[in-house]
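A.B. asks: here is the input, now give the coordinates:
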Amino acid sequence: MRQIQIGVNLLWLRSGQVGGSQEYLLRQLSGMSLNESAKLEYQITLFVQNGFTQHHPEIADIYKCVEAPKHQGTRLARIALEQTWLANKSRKFDLMHHGGGTMPRIGARKTVLTMHDVQYLSFPENFSRVRLTYLRKVVPNSLGRASLVTTPSNYVRECLINAFDLPSEKVCVVRHGVDQSLGRDATSEEELRQRLRLSSKKVIFLPAITHPHKNHKFLLQLMNSHWSDKNLVLVCAGGKGRSEDEFMREVRRLNLDERIVRIGRVSDGDRDGLMKLSSALVFPSLYEGFGAPAIEAMMLGTPVIASNCAALPEVVGDAGLVLPLDLDAWSDALQIVDAKRDQFVAAGKLRAAEFSVKNSGSDLISAYETAVSKTVSDV
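C.D. replies: Down below sits the predicted model:
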């Protein structure tokens with residue numbers, strides 16, 4: 001039997017930089033490899049930037065990787081490559097999967113397009129004028145031409161269907177996958193407490209880049225007005241985003257320097273170790289297409305306190321505290337978590353089990369099957 005040839009466009013994934021959207025797709029591909037019948041039916045080829053195989057050897061060991069010609073690393077250069085080099089390469093494939101939310105105008109007739117979120121519709125102020133203009137033009141066109149659209153949550157799925165008048169059968173959810181090995185190499189609590197000078201303090205954790213929609217400022221207000229215990233420390237990990245300077249100014253203005261530990265990007269081991277030692281993951285985000293840290297915390301046995309915004313209620317369910325972004329509503333959240341810790345930990349682990357890498361891969365296989373089975377007239 002002839003194998004179905006599928007190409008996966010990962011040119012939007014910059015080597016060495018892994019965020020939520022990148023991990024989402026890489027874990028799907030990893031999970032797909034666990035399905036023996038899929039390995040027999042599909043031949044997968046990944047189109048990647050230079051350096052991908054060095055940074056992701058676990059994926060390169062599974063799939064054939066074709067590196068794109070070197071370019072300046074800009075978004076415009078990547079788009080040009082997609083419209084030329086990739087378009088030419090993709091003609092021989094039965095199906096092309098574009099993982100970055102947009103796709104070139106030329107290429108395979110059958111396509112899967114992954115949309116991680118549509119934040120630009122809800123918070124256009126978070127995007128530059130150039131970026132916003134590009135998204136408003138290219139996203140609707142890409143959605144209209146795609147054979148099938150995949151999303152990480154039903155929230156994003158419904159947003160796409162409603163905002164772009166898409167047929168419901170054209171959009172499906174492919175779950176985020178969390179590897180069962182998560183936390184295996186976690187840094188010890190003793191080492192983290194010593195290195196970060198946490199001593200015996202009670203720790204809450206927020207792993208998120210300081211972009212406006214991550215809403216770090218809400219937690220500062222909460223620490224100042226309601227969570228005023230001097231023994232409570234908020235550890236903030238993640239890269240510097242557009243709100244970094246504002247965040248640090250607010251820390252100083254509220255005199256929270258001793259209670260806010262800003263540590264920037266961390267290793268996976270440190271992140272997992274911090275998650276495990278924390279009393280709770282606090283996630284007051286205004287917008288998430290999914291919200292992977294919530295599931296990762298549950299898998300590691302850490303209770304989750306999250307906002308009721310976007311996809312977070314769907315992801316957390318009843319396995320954590322989901323609260324409106326009101327300071328009074330969050331005032332006794334830590335006490336509730338402490339009193340019901342065993343209950344939240346047990347429910348969280350059950351919830352996290354639904355988002356295994358294998359389940360994510362199975363969802364992707366189903367999406368490929370649906371897209372491949374579409375007739376030319378459907379496409």
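A.B. asks: quick check: buried residues in stretch 173-189?
C.D. replies: Neighbour counts over stretch 173-189 (16 or more other CB atoms under 10 Å) mark Val173, Val174, Arg175, His176, Gly177, Val178, Asp179, Leu182, Gly183, Ala186, Thr187 as buried. Backbone N, C-alpha and C define where each C-beta goes, glycine included.
A.B. asks: just send those residues back as JSON lines, with secondary structure too.
C.D. replies: Output for the buried residues of stretch 173-189, formatted as JSON lines (DSSP: H, G, I helix; E, B strand; the rest coil):
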{"residue": "Val173", "secondary structure": "strand"}
{"residue": "Val174", "secondary structure": "coil"}
{"residue": "Arg175", "secondary structure": "coil"}
{"residue": "His176", "secondary structure": "coil"}
{"residue": "Gly177", "secondary structure": "coil"}
{"residue": "Val178", "secondary structure": "strand"}
{"residue": "Asp179", "secondary structure": "coil"}
{"residue": "Leu182", "secondary structure": "coil"}
{"residue": "Gly183", "secondary structure": "coil"}
{"residue": "Ala186", "secondary structure": "coil"}
{"residue": "Thr187", "secondary structure": "coil"}
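A.B. asks: in CSV: those, plus distance to Cys236 and pLDDT.
C.D. replies: Putting the buried residues of stretch 173-189 into CSV (distance: CB to CB, whole Å; pLDDT from 0 to 100) gives the following:
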residue, distance to Cys236, pLDDT
Val173, 30, 98
Val174, 30, 97
Arg175, 28, 95
His176, 22, 94
Gly177, 26, 94
Val178, 22, 92
Asp179, 24, 87
Leu182, 21, 93
Gly183, 20, 93
Ala186, 18, 97
Thr187, 17, 97
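A.B. asks: tell me the one of the residues you listed nearest Thr302?
C.D. replies: The closest of those to Thr302 turns out to be Gly183 (CB to CB; 10.0 Å).
A.B. asks: tell me who's in contact with the residue most central in space within the chain.
C.D. replies: Among the residues of the chain, the one closest to the centroid is Gly20, at 2.6 Å (CA atoms, centre = their mean). Gly20 is in contact with His116, Phe290, Ala292, counting by CB atoms under 8 Å, 6 or more residues apart in numbering.
A.B. asks: show me what contacts the last one?
C.D. replies: Contacts of Ala292 were listed using CB under 8 Å, 6+ apart, and they are Gly20, Glu23, Tyr24, His176, Val178.
A.B. asks: go with 7 Å
C.D. replies: Gly20, Glu23, His176 (CB atoms under 7 Å, 6 or more residues apart in numbering).
A.B. asks: want to try a markdown table for the buried residues of stretch 173-189, with distance to Val345 as columns?
C.D. replies: Shown next, in a markdown table, are the buried residues of stretch 173-189 (distance: CB to CB, whole Å):
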| residue | distance to Val345 |
| --- | --- |
| Val173 | 26 |
| Val174 | 27 |
| Arg175 | 22 |
| His176 | 20 |
| Gly177 | 21 |
| Val178 | 16 |
| Asp179 | 19 |
| Leu182 | 15 |
| Gly183 | 13 |
| Ala186 | 16 |
| Thr187 | 20 |
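A.B. asks: so which of the contacts of Gly20 sit within helices?
C.D. replies: Secondary structure defined by DSSP state H assigns Ala292 of these to helices.
A.B. asks: between the contacts of Gly20, which is nearest Glu314?
C.D. replies: Phe290 (8.8 Å).
A.B. asks: my read: Val139 touches Gly100, true?
C.D. replies: No. Proximity of Val139 to Gly100 does not meet the contact threshold set by CB atoms under 7 Å, at 11.0 Å.
A.B. asks: list residues touching both of the two?
C.D. replies: Common neighbours of Val139 and Gly100 (CB under 7 Å, 6+ apart) do not exist.
A.B. asks: please work out how many residues are found near Arg2.
C.D. replies: 7 (other CB atoms under 10 Å).
A.B. asks: host element of it?
C.D. replies: For Arg2, there is no host helix or strand (DSSP states H and E).
A.B. asks: got any ranges where this structure has weak pLDDT?
C.D. replies: By pLDDT under 70, the weakly predicted segments of the chain are 1, 15-19, 72-73, 375-379.
A.B. asks: that one - how does it break down into domains?
C.D. replies: 4-177+357-373, 189-353 (automatic domain parsing).
A.B. asks: picking up where we left off before, how about the contacts of Ala292 in JSON lines, adding distance to Ala339?
C.D. replies: JSON lines is the format used below for these (distance: CB to CB, whole Å):
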{"residue": "Gly20", "distance to Ala339": "31"}
{"residue": "Glu23", "distance to Ala339": "33"}
{"residue": "His176", "distance to Ala339": "29"}
